[in-house]
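J.: next comes the sequence, and after it the predicted model I'd like to discuss.
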Amino acid sequence: MKEQKHNNHTQGQEGSRALDHLLDACRFQPVDNTRIKSLVHEKIRKEKLARKRRLRNICVASLSAAACIALVWFAGAGGFTAPSPDLSEASVSELAHAGYNEVIVPAGQRREITLPDGSHLIANAHSRVLYPEQFKGDERHIFVFGEVFLEVAKDRRHPFVVESKGFDVRVLGTTFNIRNSSDSTASVVLVEGSVEIDTENDRSVRLRPNDMAELLNGDVTSLTRIDPDDYTSWTKGLLHLTGMPLSELTRNLGDYYGIEIRCHSSLADTRVYGKLDLHKDIDTVIESIREIVPMKITRSGNIITLKP
């Protein structure tokens, strides 16, 4: 018994000496506060990114079954066919359980929505918006597919985050336009305030008023100065044309009216200037374009073809 107590005492002394050596080493080791802060911030950033991706995956997955039901209803109201993201895991019950509402806008229409925090948005044709019944937590999240114009209520304690295909737009209170297309292109136009675009490859780009960021596959490819009215006039049912290529114009009109417009390659790069009234039917709008660009127009069912 005495021998055991002696061994325990000896081990205790050795442990105490080892601890003293460790403390001495730490005491004289300079602390790199900058590196510690950097590591902490990096850990927080990675955790936030992982959380955002999990949230996006859950909500986008939850979108699919609800989208299927909405498509049936809208199909009888103008032949609307919404884009179909990869939503194989969805269920309506998951969407309802998450407390999210969904709005799908058919071709040729726009939809105004007031969010729970008082923010206001206008969703363009062929757009889909997913938002909660009540915002909870440190951030206000909504999900956007298509084109949406937003006026965000200011709340510095709860940043507003628009999640889209491959990127997020983070704001405190501002007015901007966001658009993404089925061909993996997207754009963000800032009218007033300040926004920051966070891409999934960890790149962040801050915009100033009158900036437009263009994205491809979720990555920012260009940042240019523009007149926001040229990109937000659709909210008033107008389309400002300041040299838009005819191929891009017909693609936008096709998305808006829910039809296919085929533009001959020889006309594709023709620049178009003027204004179009989107309250009018597509045939009238195409005739208005022909007054600017000489061309032949043929229509077969839901397909319009433009030739020189």
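T.: Yes, it's here.

J.: and Tyr131, how close does it get to Leu115?
T.: Tyr131 is 6 Å from Leu115, where distance means Cβ to Cβ, to the nearest Å. Using the backbone N, CA and C atoms, a C-beta is placed for each residue, glycine as well.

J.: next, show the common contact partners of those two.
T.: In terms of Cβ atoms under 8 Å, 6 or more residues apart in numbering, Tyr131 and Leu115 are both contacted by the residues Ile142.

J.: and the helices in the protein?
T.: 2-28, 33-75, 92-97, 229-232, 246-257, 282-290 (DSSP state H).

J.: lowest average confidence across those helices, which one?
T.: Mean pLDDT values for the helices of the chain show the minimum at helix 33-75, a mean of 42.

J.: OK, contacts around the nearest residue to Ala125 once chain neighbours are set aside?
T.: The spatially closest residue to Ala125, leaving aside those adjacent along the chain, is Tyr256, at 4.7 Å (Cβ to Cβ, 6 or more residues apart in numbering). Listed by Cβ under 8 Å, 6+ apart, the contact partners of Tyr256 are Ala107, Gly108, Asn124, Ala125, His126, Trp234, Leu278.

J.: most neighbours of all those residues, which one?
T.: Counting neighbours by other Cβ atoms under 10 Å, His126 comes out on top of the contacts of Tyr256 with 25 neighbours.

J.: separation between the residue nearest to Ala125 and Lys154?
T.: Taking Cβ to Cβ, one finds Tyr256 at 31 Å from Lys154.

J.: over to Leu278?
T.: According to Cβ to Cβ, Leu278 and Lys154 sit 31 Å apart.

J.: what domains does the record give for the protein?
T.: For the chain, the structural domains run 37-230, 237-307, going by automatic domain parsing.

J.: number of residues surrounding Arg225?
T.: 9.

J.: is it true that it touches Leu207?
T.: No: in this structure, Arg225 is not within contact of Leu207 by Cβ atoms under 8 Å, at 10.6 Å.

J.: what is the burial count for the spatially closest residue to Val162 that is not a sequence neighbour?
T.: Spatial nearest neighbour of Val162, excluding adjacent residues (Cβ to Cβ, 6+ apart): Val169 at 4.4 Å. Residues within reach of Val169, counting by other Cβ under 10 Å, total 24.

J.: do the same with the one 10 residues further on
T.: A count of nearby residues for Arg179, using other Cβ under 10 Å, gives 23.

J.: go on, Ser266?
T.: Ser266: 10 surrounding residues under other Cβ under 10 Å.

J.: the closest residue to it other than its chain neighbours: what's it in contact with?
T.: Excluding its sequence neighbours, the residue lying closest to Ser266 (Cβ to Cβ, 6+ apart) is Pro308, at 5.2 Å. Neighbour list for Pro308: His264, Ser266, Leu267, Pro294, Met295, Lys296 [criterion: Cβ under 8 Å, 6+ apart].

J.: ditto for Tyr257
T.: Ala107, Gly108, Ala125, Ile282, Val285.

J.: what's the separation between the residue nearest to the second one when sequence neighbours are not counted and Leu246?
T.: Right, the one you point to is Gly108. Distances taken as Cβ to Cβ, 6+ apart place Tyr257 nearest to Gly108, at 5.4 Å, with adjacent residues excluded. Using Cβ to Cβ, Tyr257 is found at 16 Å from Leu246.

J.: any idea how many residues pack against the residue nearest to Leu267 when sequence neighbours are not counted?
T.: Nearest in space to Leu267, with sequence neighbours left out and distances taken as Cβ to Cβ, 6+ apart, is Leu246 at 5.3 Å. When neighbours are counted by other Cβ under 10 Å, Leu246 registers 22.

J.: likewise for Lys154?
T.: Using other Cβ under 10 Å: Lys154 sits among 14 other residues.

J.: pretty sure it is touching Val171, no?
T.: No: applying Cβ under 8 Å, one finds Lys154 not in contact with Val171, separated by 9.3 Å.

J.: sorry, back to before: distance check, the residue nearest to Leu267 against Gly146.
T.: Using Cβ to Cβ, one gets 22 Å for the distance from Leu246 to Gly146.
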